[in-house]
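Enquirer: just a sequence and a predicted model for now, questions to come.
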Amino acid sequence: MYAKTYGVCVSGIDGYVVTVEVDISPGLPSFDIVGLPATSVKEAKERVRSAIKNGGFEFPMKRIVVNLAPAHIRKDGSSLDLAIAMGILAAQESGKHKKKESIHWNHHIFIGELSLDGSLQPVMGMLSMVMGVTNQELGNDNSCLSIAEDIIVPIGNHEEAISGASIPVYGLSTLAAVVEVLEHPEKKENLCAQIAIVPSKYSAEILDLQDVKGQVMAKRALEISAAGGHHLLMTGPPGSGKTMLAKRLPFLLPPLSREEQLEVSRIYSVMGLLKSGRLMEQRPFRSPHHTSTLVAMAGGGQPPKPGEITLAHKGVLFLDEAPEFRRPVIEVLRQPLEERQVHIARIGMATTYPSDCIVVMAMNPCPCGWFGTEEDHRCTCTATQVQRYQRVLSGPILDRMDLVVPVERPTLTEIYAPKDKVSTAQVRSRVIRARSMQTERYKGTNIGVNSHLSHSDIEIYVKLSEQAKELLDSAFTTLHLSLRSYDRIVKVARTIADLAESEEILTDHVAEALSYRQVQEGL
């Protein structure tokens, strides 16, 4: 007795179809799963056995072999439970009817974890799984379809699954209900295969820039960072408002598009962080603690999982008290800051995670926080301590920070002054307008925002006035800039020009961009 069904597993953040082949033959009772299963998949034997019995079906007391193809890829997780159970039931069905296999059962994709009582439990990574099914061929055998007719998932994953599926998705609660629907297809009409996505009534509290007293230069830097996707470093004494400013950056960014929502949501789905099965509606803001490990930051483990730099994809990664992080944890950001990807290689597998985010760092000038400030807070650190503290951020990391801004403590005059007239909504509208100009300029390319420009792209898309070019050339010689620094100044100037709705970069735009670099050179 032989049957074939289809399930789905996750590799990295991508779902892929797994062919589940079941062979039941006479012999001593045994249940073996082959095809490079992880421990969680091997444990499916006991879950499937009990679920079939408690679901009202007969479990065959024969020799059962389950093969998971492709056999060279390691399968992990509990999402194959339902596909294995349906394969065993299909094999018994084919034996009763003397057929090679139960053909009508391999037109479906089965995803779900089984409880011992036969109920279906939600699984992590459902969004990635259903997106992986789309347009993927399920086999070369003429007896099976090349594309599934529908996907059957636990009712708890239904809303999440339909968000990324291009074929009908049915949410069911028990193994018995799945068999009932497959044996009586007409009952599908009573099921809601696709339901409308209702926007969430919950909306995150918008943190307004008007609540930040003073800090004109820092607010301007936030606007430039949001408009061009530039990385930002803020330096200043404790209590000056660095964290307050950083938390407001996500609200200056344009809303997530539908494609971006799916892209971000599947990352959170794999990690089990997708709330209520709904797509991400707000841009991510990740603020890991300074005790975070290298794996927690970049991703990894066994099996590899996304790290903070990936969880911040299309949003903001904020490193508060950056020098307190271990130096290797900071250095691991070098490649993601340039390539907007993280490559994780382990024995037997390699995966790539997206990491296109804005990195914001905040630091004090020294361990006590008062180096170089006013007399009423005298620094108690030695010169060696200050030097060691600042050197945690290496030259290559500082070179990748497009904007470096001093954040001073607000004065009493600024504290008692009326609220700033410029609100988050007003700045966001300017950011959206600047990004629209960039979208039009880079149409037909893989460039999203100005920070994505390469050196060759700058020569094509950036227009400098003669006076601006002379100022930039002079700064290159005087400040002894690297080529990377030169390019980043040009890209920041391009963003400043976009905010001013100018196609040509003028002297004022370059001068403002240089002002942030001059601060960095003084670190």
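Expert: Received it, and whenever you're ready, just let me know what you need. Numbers count the residues shown, from 1 in each chain.

Enquirer: can we go C-alpha only for contacts and neighbour counts from here?
Expert: Fine.

Enquirer: make sure residue 353 is indeed in a helix.
Expert: No: the assignment for residue 353 is strand, going by DSSP: H, G, I helix; E, B strand; the rest coil, so no helix is present there.

Enquirer: could you find the closest non-adjacent residue to it?
Expert: Setting aside the residues directly before and after it, residue 353 is nearest to residue 342 in space (CA to CA, 6 or more residues apart in numbering), at 5.1 Å.

Enquirer: so the one you found makes contact with residue 354?
Expert: Yes: at 6.3 Å, residue 342 and residue 354 qualify as touching, with contact defined as CA atoms under 8 Å.

Enquirer: on that earlier part again, could you say what helices and strands the helix or strand hosting the residue nearest to residue 353 packs with?
Expert: Secondary structure here is read from DSSP states H and E; on that basis residue 342 sits in strand 341-346. Counting by 3 or more CA pairs under 8 Å, 6 or more residues apart in numbering; DSSP states H and E, the packing neighbours recorded for strand 341-346 are helix 334-339, strand 349-354.

Enquirer: ok, now with 10 Å
Expert: helix 294-298, strand 299-300, strand 305-306, helix 308-311, helix 334-339, strand 349-354 (3 or more CA pairs under 10 Å, 6 or more residues apart in numbering; DSSP states H and E).

Enquirer: what sits against residue 117?
Expert: Residues touching residue 117, when contacts are defined by CA atoms under 10 Å, 6 or more residues apart in numbering, comprise 47-48, 50-56, 174-175.

Enquirer: now the buried members of those.
Expert: 47-48, 50-52, 54-55, 174-175 (16 or more other CA atoms under 10 Å).

Enquirer: helices - which of those residues land there?
Expert: Here DSSP state H is the test, and the buried ones among the contacts of residue 117 give 47-48, 50-52, 54, 175 as lying in helices.

Enquirer: nearest to residue 310, of the residues you listed?
Expert: If you rank these by distance to residue 310 using CA to CA, residue 47 comes first, at 33.1 Å.

Enquirer: quick check: closest non-adjacent residue to the closest one.
Expert: Spatial nearest neighbour of residue 47, excluding adjacent residues (CA to CA, 6+ apart): residue 116 at 5.5 Å.

Enquirer: about what we covered before: compare the helices and strands packed on strand 341-346 and give me the one nearest residue 205.
Expert: Among those, helix 308-311 comes nearest to residue 205, with 20.5 Å by CA to CA.

Enquirer: give the buried residues for that closest one.
Expert: With burial defined by 16+ other CA under 10 Å, the residues of helix 308-311 counted as buried are 308-311.

Enquirer: got JSON lines for those residues, with pLDDT and distance to residue 301 too?
Expert: Putting these into JSON lines (pLDDT from 0 to 100; distance: CA to CA, whole Å) gives the following:
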{"residue": "308", "pLDDT": "95", "distance to residue 301": "13"}
{"residue": "309", "pLDDT": "95", "distance to residue 301": "15"}
{"residue": "310", "pLDDT": "95", "distance to residue 301": "14"}
{"residue": "311", "pLDDT": "95", "distance to residue 301": "15"}
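
Enquirer: closest to residue 468 among these?
Expert: The closest of the buried residues of helix 308-311 to residue 468 turns out to be residue 309 (CA to CA; 35.3 Å).

Enquirer: switch the buried ones among the contacts of residue 117 over to a markdown table; also include distance to residue 414 and pLDDT.
Expert: Shown next, in a markdown table, are the buried ones among the contacts of residue 117 (distance: CA to CA, whole Å; pLDDT from 0 to 100):
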| residue | distance to residue 414 | pLDDT |
| --- | --- | --- |
| 47 | 65 | 95 |
| 48 | 67 | 95 |
| 50 | 69 | 95 |
| 51 | 67 | 95 |
| 52 | 70 | 95 |
| 54 | 70 | 94 |
| 55 | 69 | 92 |
| 174 | 63 | 94 |
| 175 | 65 | 94 |
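
Enquirer: any chance of a markdown table for those residues, columns distance to residue 22?
Expert: Conversion of the buried ones among the contacts of residue 117 to a markdown table gives the following (distance: CA to CA, whole Å):
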| residue | distance to residue 22 |
| --- | --- |
| 47 | 16 |
| 48 | 13 |
| 50 | 17 |
| 51 | 17 |
| 52 | 15 |
| 54 | 21 |
| 55 | 19 |
| 174 | 21 |
| 175 | 17 |
